[in-house]
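> Sharing a sequence plus its predicted fold:
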Amino acid sequence: MKSVISIIVAGSILFTLPAFSQTASNANGNMEILMQKIKADKKLLVATNMDLTDAEGKAFWPLYDAYQSELLKIDEQLGKIIENYAAAYNQGTGGISNDMARMLINEVISIEEHEVKLKRIFLKKIGAVLSSAKTARYIQIEGKIRAALKYELAQEVPLVYESTGLKM
C-alpha cells in the first residue's frame, strides 16, 4: 500500500506544484495522462483494501467516484492558491504582503472547512450502503492518501515571509 500511496502522492505533487518551477512546454497533455494514471492507481488501492461484495461495490463505487470528483475540485482550488502564492513568491524576494497573507489564510481555511463538510456528506451516504467498519476503513484509506499528499505538498511549498525581503 505504501508504494501505491507514494506514486499517487508524487503524481499529485507534480500536478499541483508546477508554479514554483515555471518551465511549461506540452506539460498539460502529459499531466492529464499522469492524473488519469493516479486516479486509476488510487481506485485500485481502495478496491484492494475494501474487500467489497458485488452488491456493496455497486452501491459504493458511484459514491466513491462522486466524492473523488468533488475532492478534485477542492484540490484544484488549493492548486490555484499555491499558484497565486508562487507568483508572489517568484516576484523577487519571496515575501508577500500582509494583505496577501490574510487572503491566503482565509482561502486555505475555507477550503479545509469545505473538505470537512464534503467528508461528512459522503460518509453519511457511504455509511448508508456499507457497514460502519467498511466505512471507517474507507475513510482511513482516503485519509492516509490525503495526509501523505498534504505532507509532500507542504515539503515543496516554501514558507511565507513578509515582503521585507527577509528569508530565513
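On my side now, so go ahead.
> what about this structure, any weak spots by pLDDT?
Where the chain drops to pLDDT under 70, the residues are 1-35, 92-94, 164-168.
> Need the residue closest to the centroid of it.
Centre of the chain computed as the mean C-alpha position; nearest residue by CA atoms, centre = their mean is residue 75, 4.5 Å away.
> gap between that one and residue 153?
As judged by CB to CB, to the nearest Å, residue 75 and residue 153 stand 10 Å apart. C-beta coordinates here come from the backbone N, C-alpha and C atoms, glycine included.
> next one: residue 108
From residue 108 to residue 153 the distance is 12 Å (CB to CB).
> could you say what helices and strands the helix or strand residue 82 falls within packs with?
Secondary structure from DSSP states H and E places residue 82 in helix 54-89. Counting contacts by 3 or more CB pairs under 8 Å, 6 or more residues apart in numbering; DSSP states H and E, helix 54-89 is packed against helix 2-16, helix 27-50, strand 95-96, helix 98-129, helix 132-156.
> among those, which is nearest residue 68?
Between residue 68 and the helices and strands packed on helix 54-89, the tightest spacing by CB to CB is seen for helix 27-50, at 7.1 Å.
> pretty sure residue 52 is in a strand, no?
No - under DSSP: H, G, I helix; E, B strand; the rest coil, residue 52 sits outside any strand and is assigned coil.
> got the contact list for the nearest residue to it once chain neighbours are set aside?
Spatially, and ignoring its direct neighbours in sequence, residue 52 is nearest to residue 60 (5.9 Å; CB to CB, 6 or more residues apart in numbering). Contacts for residue 60 were tallied using CB atoms under 8 Å, 6 or more residues apart in numbering; they are 50, 52, 126, 129, 130, 138.
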